[in-house]
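> 3D, please:
(chains A and B)
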2 protein chains.
Amino acid sequence: MKSISYRDVDINGGFWKNRQDINRTVTAGAVYDRFYDTGRIDAFNVNWKEGNPDKPHIFWDSDVAKWMEGAAAILSKEDNPELEEKIEWLIDRVEENQLPDGYFNIFYILFKKDQRFTVRSDHELYCLGHFIEAAVEYCLVTGRDRFLRLMEKYVDLVYDIFCVNNSAGFTTPGHEEIELALMKLYRVTGNRKHLELAIFFIDNRGNNNGEAPSPYNQSHLPVREQFTPVGHAVRAGYLYTAMADVAIETGDEKLLYACEKLFENITEKHMYVTGGLGQTHVDEAFSLDYFLPGETAYAETCASIAMVFFCQRMLELTGDSKYADMIEKQIYNGALSGISLDGKSFFYTNPLSIDLDNRIKDGNSSGEDWFPGEDRVEVFSCSCCPPNVLRFIATMGSNIYGREGDCYYVNQFISSKTDRISITTDFPSGSVVNIKADVKELRVRIPEWCDKFECNKTYTTEKGYAVITDTDGEITVNLNMTPVLLEANSLVLDCAGKAALTYGPVVYCIEGVDHGEKLSQLYLDGRLKANTEYDEYFGTRVITADGYKKINQGLYSRYSSSNYKETRLKFIPYFGFANRGRSDMQVWVKVR
Amino acid sequence: MKSISYRDVDINGGFWKNRQDINRTVTAGAVYDRFYDTGRIDAFNVNWKEGNPDKPHIFWDSDVAKWMEGAAAILSKEDNPELEEKIEWLIDRVEENQLPDGYFNIFYILFKKDQRFTVRSDHELYCLGHFIEAAVEYCLVTGRDRFLRLMEKYVDLVYDIFCVNNSAGFTTPGHEEIELALMKLYRVTGNRKHLELAIFFIDNRGNNNGEAPSPYNQSHLPVREQFTPVGHAVRAGYLYTAMADVAIETGDEKLLYACEKLFENITEKHMYVTGGLGQTHVDEAFSLDYFLPGETAYAETCASIAMVFFCQRMLELTGDSKYADMIEKQIYNGALSGISLDGKSFFYTNPLSIDLDNRIKDGNSSGEDWFPGEDRVEVFSCSCCPPNVLRFIATMGSNIYGREGDCYYVNQFISSKTDRISITTDFPSGSVVNIKADVKELRVRIPEWCDKFECNKTYTTEKGYAVITDTDGEITVNLNMTPVLLEANSLVLDCAGKAALTYGPVVYCIEGVDHGEKLSQLYLDGRLKANTEYDEYFGTRVITADGYKKINQGLYSRYSSSNYKETRLKFIPYFGFANRGRSDMQVWVKVR
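Below you'll find the predicted structure:
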């Protein structure tokens, strides 16, 4: 199966149309402006001097490159001379400052020109990777290949240094990313060197090649022997994506097997219910099985986005709906929570629980505790997430449709149209999805959370899809969503005695701002009596449910069910938390 | 009311007879031997030289002094020439090495002779305090006052330095203890200087006298303005004890008020259900209200013992049974858990939850987490707790009886006899307490945990005591104990959805060693269907109760009551945990 590119898909209504409008009208400009304010744009003049403010940082190139990629994607849907001009100005600067041999890296050209490719952790190849992605996208959208040629020249240099002369101080990138970018490049250029270079980096990682074996950047084992996720979660996600990409191109079964095991272990032992990845702030990393503390979750926005990339490839490789299920989980939860509803501010980390008092207590008490941010902010010193969300939302269309010969796939329920199919739905608020399809066979995903999948057409089931061959007229699917409670494995200590409320793919939470009490006093009734209603502010339903408020009687008292007073709890979509001021928040709510 | 000293009380059967036998036959020797092994005894030769092993530490004097006090208390109940010889040898060394002006401190004489009383945090006065306590006890038990005279000479010197010449580098001790010791000394000597010096240290603490205001050692405010506990929990306990002592002697109402508020705030916002005190390892200290994490509880054994001392004074001051209730809580839980059942090894910290896997996970994940020890050990580098437990158990008799004129009190239900009263009971295993009393009025404590207090005599109630004037024949009290579940205030996040099982004053726990499953899988049935039976090993009852084992289905699954399989949980007394090998443990058990 091959996904149909967002370039060929128009999202024309509903939840994601609204999000894309904000992305286009607010986020693109806001991210650029903050990058401008912080010197990231000026840095492209490559003339920073000691004493100036805003000294360029090693990964600033990548921040801006991701913005360029997102802006390019927006250009595919609208004429926007202002955005185009900004991109062209940046490309001008790259062209102007690129070294004769093709090298381009602002930090190194300014400060360490003679030490290129000597420090594995300095993000040179990571920055190049993001430039490649931006250049590919810009070329595909505009048809102009100037930027792409500049990057191809740089890639040629890298190929010579790493694959021919072996003259670098290391063998594989300290931060993976270029591998998946090279696969994109290869698909556009058809140049085998681009594929070879990607495979070179994949094959040499963790392969006893003189680099320190480090789980941090997945260099502890050859990638084909990696079955459980370790280390920095974003690095891991980009690596796994590239591994799947190479498997697509080469049919490498060992790579595919490793990818399948990694997916299985991530989702069964290392993932928050929101899809959040990264269990600890130490190394921003995966940790041990079932260690999923909510209040100190790292769950970086970029890690959820990387998981989407990985699943896009795995879906193409296998045609198995579980990868589309995971994409759905991420796009409505772990990735989407990374951006505010107004499109201007961002979370780098996405906790599952906030207790503002306890942060003070715990901080006071140990003096060394770390907590995720409780406020969304407009720019970070390491500001990878904001432009990543920008490009992620701008390219959302790529997640909807797939094709394999005469068979078409509906992977996500998003109002949109492509060449031969259109979808109309108010999902995830509504359960009904109307599809028109001028195709021989249509496969519509049956979501893993869906108990009662109804369709007005007869269908068979394969790999989690309803296979429909009678595609005449309107196909109507009803997902029959109702509020559902989830519980966690009891080895997840932090979720003991708690449940998480969901509605379709959307995970919900309670926020202090909606409740007069401390959230720690509130319990949800396990019998779940809930009402839902559409809420304009969040763009989907909010839920109220029966619950209890615990009446406190001193520090310790007799355990008694009469200590609980009935109350109603208000649940909002997790992606919308922390939009209405600083507040306590819980995804996992105590249940009784 | 005045407590009747352990010297005048014989514990002659039941739970505490057994504990005192072990204390006498095992603990006294074991603590001495470990102190010998670690150089603490040899240090009294005051001839340590560079290159020798076991360099004396600033607080070693106090470790040995506490042992001397405990050994002296044991001598009051039995002839033990070996113990006596060891004490006399130590007194010989003190006499031999005491400086002509009375000063004695091994570390300072060896290493900092010219810098006496210049460093507030160096424990000189703390060590002297423990020497005073040992000397008073040894004198009261043996009638021999040599040691007492040596210490009186030292106290005279301290009086001159602090109260007359004001020539020390600080005004009040960095570690409180000497204040309560001086009050003991004053009661034996009647020398007003001893009272004056105690009051000097009490009055000057936190009183803007040039010392840095520090919550760590309760120097942030004048003591009469301290209403909430702060800082190092053992320091705090010793200070509060001395404050109450001074209030007893002087009738100082402001001191009494502060003590009452401190007690109230400790017990209502800062205390573990076991009586454990010290919410964080950082500074071994009290922390903010309701911050009571079980797995990282500090709950130092010495802090519980200090709380007993404080409550002994408050009980004498007020005649209010709540202080005897607190002594009972500590002697059966927080303090007693500090020593192994075999009397040889000790806990410094007393956690309320151990999950060995999670310790690894959390440690791995943050790289900076602290956990209490999971194994009892025979000696610590800072080994204050073992000799503190020794003296605490040896002087247990002081907690049982009180007298105020013709009125006698039964504060604790311990088989024993004193001059005019005797108690026979198998409490805390059994509920029946038989008392014979040749007194005009007897007050028997009605425990706060007791729902159904029965007595074969008519009684009125006052300050939590049954006041009995018909004392002819045997008085039989039935406390009608049954297993009882407690819950915590919902602001104690760590106890959410959990209950603690108690039987009378004894708090129970579950241990991994009794359950085939991970404790995290186990739930207690909130309707509490429990059986109890006497268990020889623990010396009181163990309890089995209906519960559930959660059946795990992947990482996240539909919340359903059918995921729980019925099982039985075995509860053991908390004081007996960690006696049967390294094991997971929970006081607070999830309930459903």
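> just so I have it, where are all the helices in the stretch 351-500 of chain A?
Under the criterion DSSP state H, counting those that start in this stretch, helices of the stretch 351-500 of chain A are mapped to A:356-366, A:385-394.
> got these as CSV, with mean pLDDT, mean neighbour count and distance to chain B columns?
Backbone N, C-alpha and C define where each C-beta goes, glycine included. Compiled in CSV, the helices of the stretch 351-500 of chain A are given as follows (pLDDT from 0 to 100; neighbours: other CB atoms under 10 Å in any protein chain shown; distance: least, CB to the nearest CB, whole Å):
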stretch, mean pLDDT, mean neighbour count, distance to chain B
helix A:356-366, 65, 18, 4
helix A:385-394, 98, 28, 21
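> for B:Lys77, which of the ones you listed is the nearest?
Closest to B:Lys77 of the helices of the stretch 351-500 of chain A is helix A:356-366 (CB to CB; 42.1 Å).
> residues in the stretch 401-550 of chain A within reach of chain B, list them.
Residues of the stretch 401-550 of chain A found near chain B (CB under 8 Å from any CB of the partner chain) are A:484-493, A:496-500, A:518, A:520-521, A:523, A:526, A:528, A:550.
> one step back: of all the helices of the stretch 351-500 of chain A, which one is nearest B:Val119?
Closest among those, once you apply CB to CB, is helix A:356-366, at 27.0 Å.
> pLDDT weak spots in chain A?
Within chain A, the stretches with pLDDT under 70 are A:361-368.
> now with 50?
Scanning chain A with the threshold set as pLDDT under 50 gives A:367.
> domain assignment for it?
By the record's domain assignment, chain A is partitioned as A:7-397, A:403-478, A:483-590 (automatic domain parsing).
> mind putting the helices of the stretch 351-500 of chain A in JSON lines, distance to B:Phe392 included?
Output for the helices of the stretch 351-500 of chain A, formatted as JSON lines (distance: least, CB to CB, whole Å):
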{"stretch": "helix A:356-366", "distance to B:Phe392": "27"}
{"stretch": "helix A:385-394", "distance to B:Phe392": "56"}
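> for B:Ala247, find the nearest of the domains of chain A.
Comparison of those against B:Ala247 by CB to CB identifies domain A:483-590 as nearest, at 25.1 Å.
> ends of the closest one, what's the gap?
16 Å (CA to CA, to the nearest Å).
> could I get the domains of chain A as a markdown table with distance to B:Met314?
As requested, the domains of chain A are exported to a markdown table (distance: least, CB to CB, whole Å):
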| stretch | distance to B:Met314 |
| --- | --- |
| domain A:7-397 | 27 |
| domain A:403-478 | 59 |
| domain A:483-590 | 18 |
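> those: which one's closest to B:Ile11?
domain A:483-590 (29.1 Å).
> chain center to the closest one, what's the gap?
Computed by CA atoms, centre = their mean, to the nearest Å, the chain-centroid distance of domain A:483-590 equals 25 Å.
> do stretch A:388-403 as well
Mean-position distance between stretch A:388-403 and its chain equals 11 Å (CA atoms, centre = their mean).
> can you check stretch A:384-396 too?
Stretch A:384-396 sits 8 Å away from the centroid of its parent chain (CA atoms, centre = their mean).
> cool, and stretch A:322-342?
7 Å.
> now do stretch A:33-45
How far stretch A:33-45 lies from its chain's middle: 24 Å, per CA atoms, centre = their mean.
> can you give me the end-to-end distance of that stretch?
The straight-line separation of the ends of stretch A:33-45 (CA to CA) is 17 Å.
> how about that stretch: buried residues?
Buried residues in stretch A:33-45, counting neighbours by 16 or more other CB atoms under 10 Å in any protein chain shown, are found at A:Arg34, A:Phe35, A:Thr38, A:Gly39, A:Arg40, A:Ile41, A:Asp42, A:Ala43, A:Phe44.
> just stretch A:413-423 next, same as before
A:Phe413, A:Ile414, A:Ser415, A:Ser416, A:Lys417, A:Thr418, A:Ile421, A:Ser422, A:Ile423.
> just these now: which is nearest chain B?
Using CB to the nearest CB, A:Phe413 comes nearest to chain B of the buried residues of stretch A:413-423, at 21.3 Å.
> sorry, back to before: got the buried residues of stretch A:33-45 as TSV, with distance to chain B columns?
Putting the buried residues of stretch A:33-45 into TSV (distance: CB to the nearest CB, whole Å) gives the following:
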residue	distance to chain B
A:Arg34	30
A:Phe35	32
A:Thr38	30
A:Gly39	33
A:Arg40	31
A:Ile41	37
A:Asp42	37
A:Ala43	33
A:Phe44	37
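> and those residues, which is closest to A:Asp54?
A:Gly39 (2.5 Å).
> what about the closest one, which helix or strand?
Following DSSP states H and E, there is no helix or strand that holds A:Gly39.
> contacts only, for it.
Going by CB atoms under 8 Å, 6 or more residues apart in numbering or on different chains, A:Gly39 touches A:Trp48, A:Pro53, A:Asp54, A:Lys55, A:Pro56.
> count of neighbours near A:Arg568?
Residues contacting A:Arg568 under the criterion other CB atoms under 10 Å in any protein chain shown number 15.
> if you skip the residues just before and after it, what's nearest to it?
A:Thr544 (5.1 Å; CB to CB, 6 or more residues apart in numbering or on different chains).
> wait, the one you found touches A:Phe571, no?
Yes. Using CB atoms under 8 Å, A:Thr544 is in contact with A:Phe571, at 7.2 Å.
> so the two - more neighbours on which side?
Legend: neighbour count by other CB under 10 Å for A:Thr544 and A:Phe571, higher for A:Phe571 (29 against 16).
> secondary structure class for that one?
Following DSSP: H, G, I helix; E, B strand; the rest coil, A:Phe571 is assigned to strand.
> and it, how close does it get to A:Cys450?
A:Phe571 sits 20 Å away from A:Cys450, going by CB to CB, to the nearest Å.
> what residues are up against the most centrally placed residue in chain A?
In chain A, the residue lying closest to the centroid (CA atoms, centre = their mean) is A:Ile305, at 1.3 Å. Residues in contact with A:Ile305 (CB under 8 Å, 6+ apart) are A:Gly237, A:Gln330, A:Ala335, A:Gly338, A:Asn388, A:Val389, A:Phe392.
> quick check, nearest of those to B:Glu137?
Closest to B:Glu137 out of the contacts of A:Ile305 is A:Gly338 (65.6 Å), distances taken as CB to CB.
> contact partners for that closest one?
Taking CB under 8 Å, 6+ apart, one finds A:Thr301, A:Ser304, A:Ile305, A:Phe346, A:Phe347, A:Tyr348, A:Asn350, A:Cys385, A:Val389 in contact with A:Gly338.
> what do you get if the cut-off is 7 Å, keeping everything else the same?
For A:Gly338, the contact set (CB atoms under 7 Å, 6 or more residues apart in numbering or on different chains) comprises A:Thr301, A:Phe346, A:Phe347, A:Asn350, A:Cys385, A:Val389.
> now the fifth one, nearest residue through space, not along the chain?
Nearest residue to A:Cys385 in three dimensions, chain neighbours excluded: A:Thr301, at 4.2 Å (CB to CB, 6+ apart).
> so who does the one you found touch?
Residues near A:Thr301 by CB under 7 Å, 6+ apart: A:Ala335, A:Gly338, A:Phe346, A:Phe347, A:Tyr348, A:Asn350, A:Cys385, A:Asn388, A:Val389.
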